[in-house]
Structure formats: structure tokens, C-alpha cells
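**Q** starting from these lines, generate the structure:
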Amino acid sequence: MRSPLLNKLSLICGRRLPVSWLVLCFTSVLVLIAVFGSSFPKSFDYVTVTPVPEIYSNYRRLKEQTAVDYFQLRTVSSGAGRQGELGLCGKERENYVPCYNVTANVLLGFKDGEEFDRHCEVSSQGKFCLVRPPKDYKIPLRWPAGRDVIWTGNVKITKDQFLSSGSITKKMMLLEENQIAFHSQDGLIFDGVKDYSRQIAEMMGLGSDSEFFQAGVRTVLDIGCGFGSFGAHLVSLKLMALCVAAYEATGSQVQIALERGLPAMIGNFISRQLPYPSLSFDMVHCAQCGIVWDKKEGMFLIEFDRLLKPGGYFVITSPISKPPGRATSSKKRSMLTPLAQFTEKICWSLIAQQDETFIWQKTADAHCYSSLKKNEVPLCKEGYDTPYYQTLMPCIIGASSKRWIPIQNKSSSPDLSSVELEVHGVSPEDFFEDLQVWKLALKNYWSLLTPLIFSDHPKRPGDEDPLPPFNMVRNVMDMNAHYGGLNAAFLEEMKSVWVMNVVPVRARNTLPLILDRGFPGVFHDWCEPFPTYPRTYDLLHANGLLSHLTSERCSLVELFVEMDRILRPEGWVVLSDKLGAIELARAHATQVRWGARVIDVQNGNDQRLLVCQKPFVKK
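**A** Predicted structure coming up:
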């Protein structure tokens, strides 16, 4: 007996239609659906953002209208849907930073400081687990109060360690029960950060530090930034100061700077370059950063030369104390001798010296390098500039670059001129369209998040009922930043946030453009952990990243475990991607215990948003 379906098909197609042919057709359709429904692009091209025309003004109304608000998790052949929630790591991993295991590095033979470098190639994750917050962890205070007061339970530094530290920065801080209180930038500062900043400006020939912009200084790389007080002052001047310091097991400079809501990341260059392109910063600042300048034949200064833009400034404050006497002068001369000798070889000029502070300026004349003796500091080969933790190079990079534009001649606006865009190979139309898309997208995001951030917040475990506003969004990471359009939109909307713009190493290299806009940014391989401490970002954003991760050595579950590590409790994740990628991401969000909802951003479009919140888990 034939089924009714076969009878109907026979009437339509003829009575002699073979059953085997129908079965073959039906099977072929199923195979095609499976192939096209599960496949993803296999190239890591840069992402073209899809405009989102609607603005979501009411989250609950949107929830009711959306048919795909919650995807039912199904058992899938890949097994992602069958995996349960991941367990919590032990207490020993509360401040876990992957790729920095000094003991293991020593056993593997790393020495001469390289044991403190980043070595992801020898880092083993083992069984996946979620890094839990410390027992006394509290949600940071909202900016700008959080800039001046942080909870001691949120950073790995004890009262005794803090008081016994040799840093003069501790004099700028007060320890009050469970808080470290920094003096407000509007009040008295014992060690005179304002005076120090003004002194630097005057040494550069400026009237005050408010004129840094006039001298072309918008971006500052602060090497070994202490606890971020100089960077905090520069932020008040609307300058971008990125703190970079080595990994520290306790009392970390980077951890405390990020806790204060200041741009920072782990980074040292004992053996490798920092993950920024050449000609990235207008000023490199190094106050008591502990670098031994006569090591490695001047390659540390060559790395600074690579990072500095033409006409940029190198500011160093020596660690020599001020008591009078010949011994102090002798020490200062011994420290400065290798600096003075080597800066002449790389076309730097000492423009000012006052007390313990010295300022050099990099030449704006690219021809100066060609006149150097090649046996002293040679020029690198043409086209060499892929600085993702590459070995330090004993040669000058960037002199032949199209981006060789003196900082005094650059635009003072984040909206680059058409000439500057042409240098980056970007059309003004494309650049303008990208900005408009992200202005609208940010309004959509903010309308989605605002009710949840400021209205629907649950009571935190073990805390009294919090007073509004409950949450703080200050540290934002754009995991696939493209042109930095989200950063620009935040600035235009005058949101009190900063954005770490991450350009994946296999994406189109737009990081030079981002840095030229005056935004913080970095190269990163998302198959590896990001160089930061746990719980250091309030909001993670990624557009198109999931469907473009194609490396065989990384997986989505690794990515989500890492995102959970660097995300604060009660922090937010906004992922924009294609439907298939978002479905898989929704399953992984459940594994890492996030609350998540899927939102259809545009009728008839394959683009979806996954909005997640990390819970405050204490066990």
C-alpha cells in the first residue's frame, strides 16, 4: 500500500513515477538544507556593517513583538547544545591571567627577563572553568566616582603590600577600611600630578598642559603607569593615555588602572614588540619604568622609535631621588649616558631637561634616517610591519610609510580628512556611512540596555538593596572594531565610556586608522587569551566576529570562557551576527551561565543580536 502523499504525487506527476526517485529527491533536499543551514564563511574579511534603521525605545515591547526572543535549545549533532553549565574555578584562579606563568617559563628555559613575557604557546587551559570573583568583590562605583575610589577587595593588593610598596604614588592615595581613595583631580594632589603635567608642557614650549592638542599630542603611551594617576589627569584633558605595564602577580598597575576606568593592558617588550603598528602614538611617557637602557644594544629605544609618530615626544622621569650630593649626579649621568649616546643615532633631539625629567623629540624628517651609518642602526626592509608579538628588531621601521605625517600637521578631529583617509585606503563615503551606521546602532543598543541597567536590576547576593543607578558601563571592548565607528558614536553621544578597539590579526588591518583617530586600539588573535586581568570590562561588543572565526585551533567555547573571564559580574555582552552563528552563541552563553536573549534587529534580515548579562555568582 502506498501512502496518501505518494498517491497525490502520482496524480500530479503521473502514475508511473518511481518510488525510489521520490525518496532520492526528498533525501537530496534534506542534505541541501543541512549543508546551507550549518555552513559559515571560511574567510576572515573585514565586516561590512548592516544598517539598523529602527530605534528600540521599549525593551519589553520589543520582547513581545519578537518571535525569536528566546531560542529553544535543541540537541544538535555538534554537541554544543548537550553540554551543561561549566563549573567554577577554584579560589586560586580568582586573579588568573593566562599566558603568564613565570614558574613554568623558567622550567622551559626562558631567562634574562623573558620568563615574565607573554607565552601563550606554552600555556595550557586544561579543563574549562569560570573564574569566580573574590569573596569581598563589589561592583565598582559609577564613573567618575570610580576613578577616585576603588574597592580593595576588587584588586589583588593587601593593605600591607600597599603601604610597603616603594612607589611615590601611594602618597596620592588614602587607605580607608575597604577602599583605596585617590585624591580628586579637582583637589589637592600631594605629589603634584597637575604640576608635573604642566612642567612637561612648559618644557615643550607650551603655556600649559591644556595646549597639548596644539602641539599635536592626542595619544600617549604610558609605560609602567604606576596606579594611573598621570593617565587620569590626561583623561581630564581629553587626551587618550593607554597604560602598558608588565604582568604582576600582586599590586598590578594595569589591574588598578582598569579598576579606575582608565585604558590599560598588560604588555612588556623584553623580547617582543608591543602589538601596535608603527607610527601609533604622539608621546611615549616613562616615569620610573625600570628599563635598563644599555641592554640589548638599544633595541628598547628602537621600539619606542617605531611606536612614535614623526615629531612625537619621548618623556622620561628618572628614578633618582633628590638628595644632594655627587653620588646622585653620578648615578644620573650613568643612567643617561646610554640614552644620550643612542638617541643621536636614531635622529632624536633632547629638547628640554629639568630636574629629573628629560624630553626628546623624534625627527619629522624621514631623510635623517637614510643619512645614518648603516652599521649602527640600519633601516628595516620595505614592508616589514606586522607587530603581533614579533621579536624586537634592531632596525628602524616606518620611515618610508605613507603615514609619515608630522603630528603637528595632523587633523585635530577624530573625523579624519579626505587626504588622511586616502592614506589608509578608505573612501570618505565609506567612512561617513560607517559612522552613521554606528550612531544609529549605538542608540539601539543603549535603548535595549538602559531599562535593564537602570531599572530591572536584581538584588546582588549578600548586598543590601542597591540605590540607582545600579550599574556602571565605563570600560568597553569592541572585539572587531573595523574603523572604530562604535568608539566614535560613544564620543558623539557624550557617553562617559572609553573603548578598547581590537582588530583581529586575520581581519583587514584598520588599526593604524583607529589610532590616527585618537582612539586606543590593539592587535589581537582571538584564538588566544586577551592580556588583561579578570573582571576588567563592563561591556563586550562584537560585530560579525563569530561567523568569521575560522582558525582550527580555537573554538567558540574557548572564546566564551575568555570573555567571561574578562567581563565584570553584571557586565554586558552584545553580539551582532548571522542567525546560525547567534544560535550557537546562545548555546555557549548558557554554558557560561549568562542570561541571554536573541533579538531580530530587522524584519527579513538574517542579522540578529544576542544580548547577554553575566550574573553575580558568589560561592
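**Q** C-alpha from now on. contacts and neighbour counts both.
**A** Noted.
**Q** need the three-state assignment for the residue nearest the centre of the chain.
**A** In the chain, the residue lying closest to the centroid (C-alpha atoms, centre = their mean) is Met500, at 3.5 Å. Following DSSP: H, G, I helix; E, B strand; the rest coil, Met500 is assigned to strand.
**Q** so what's the residue lying closest to it once chain neighbours are set aside up against?
**A** Excluding the flanking residues, the one nearest Met500 by C-alpha to C-alpha, 6 or more residues apart in numbering is Met477, at 4.7 Å. Met477 makes contact with 499-502, 537, 539-541, according to C-alpha atoms under 8 Å, 6 or more residues apart in numbering.
**Q** closest one of those to Gly153?
**A** Tyr537 (16.7 Å; C-alpha to C-alpha).
**Q** A helix includes Val244, no?
**A** No: counting by three-state DSSP, Val244 is not found in a helix; it is strand.
**Q** on that earlier part again, which element is the residue nearest to Met500 on?
**A** strand 475-478 (DSSP states H and E).
**Q** and that strand, which strands flank it?
**A** In the sheet, strand 475-478 lines up against strand 498-504 (parallel), strand 537-543 (parallel) (DSSP bridges).
**Q** want to throw these into TSV with mean pLDDT?
**A** Compiled in TSV, the strands paired with strand 475-478 are given as follows (pLDDT from 0 to 100):
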stretch	mean pLDDT
strand 498-504	97
strand 537-543	97
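**Q** deepest of the ones you listed, which one?
**A** strand 498-504 (a mean of 25; mean count of other C-alpha atoms under 10 Å).
**Q** show me what the top strand by length along the chain is packed against.
**A** When the chain is parsed with DSSP state E, its longest strand is strand 567-578. Packing contacts for strand 567-578, counted by 3 or more C-alpha pairs under 8 Å, 6 or more residues apart in numbering; DSSP states H and E, involve strand 537-543, strand 607-613.
**Q** I'd like those laid out as TSV, including distance to Val284.
**A** Listed next are the helices and strands packed on strand 567-578 as TSV, based on distance: least, C-alpha to C-alpha, whole Å:
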stretch	distance to Val284
strand 537-543	25
strand 607-613	37
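**Q** just so I know, which of these lies nearest Leu239?
**A** For Leu239, the closest of those is strand 537-543, at 20.4 Å, according to C-alpha to C-alpha.
**Q** chain center to the closest one, what's the gap?
**A** Centre-to-centre, strand 537-543 and its host chain are 10 Å apart (C-alpha atoms, centre = their mean, to the nearest Å).
**Q** what residues does that strand touch?
**A** With C-alpha under 8 Å, 6+ apart, strand 537-543 has contacts from 47, 49, 472-481, 563, 566-568, 570-577.
**Q** kindly report the same for stretch 242-249.
**A** Here stretch 242-249 makes contact (C-alpha under 8 Å, 6+ apart) with 100, 116-117, 156, 219-225, 228, 231, 253-254, 257, 262-268, 520.
**Q** those in helices, which ones?
**A** Mapping the contacts of stretch 242-249 onto helices (DSSP state H) picks out 231, 253-254, 257.
**Q** what's the first helix or strand after the worst-scoring helix or strand of the chain on mean pLDDT?
**A** In the chain, the helix or strand scored least confidently by mean pLDDT, DSSP states H and E is helix 59-65, which has a mean of 39. Under the assignment DSSP H and E, the closest C-terminal helix or strand after helix 59-65 is helix 102-107.
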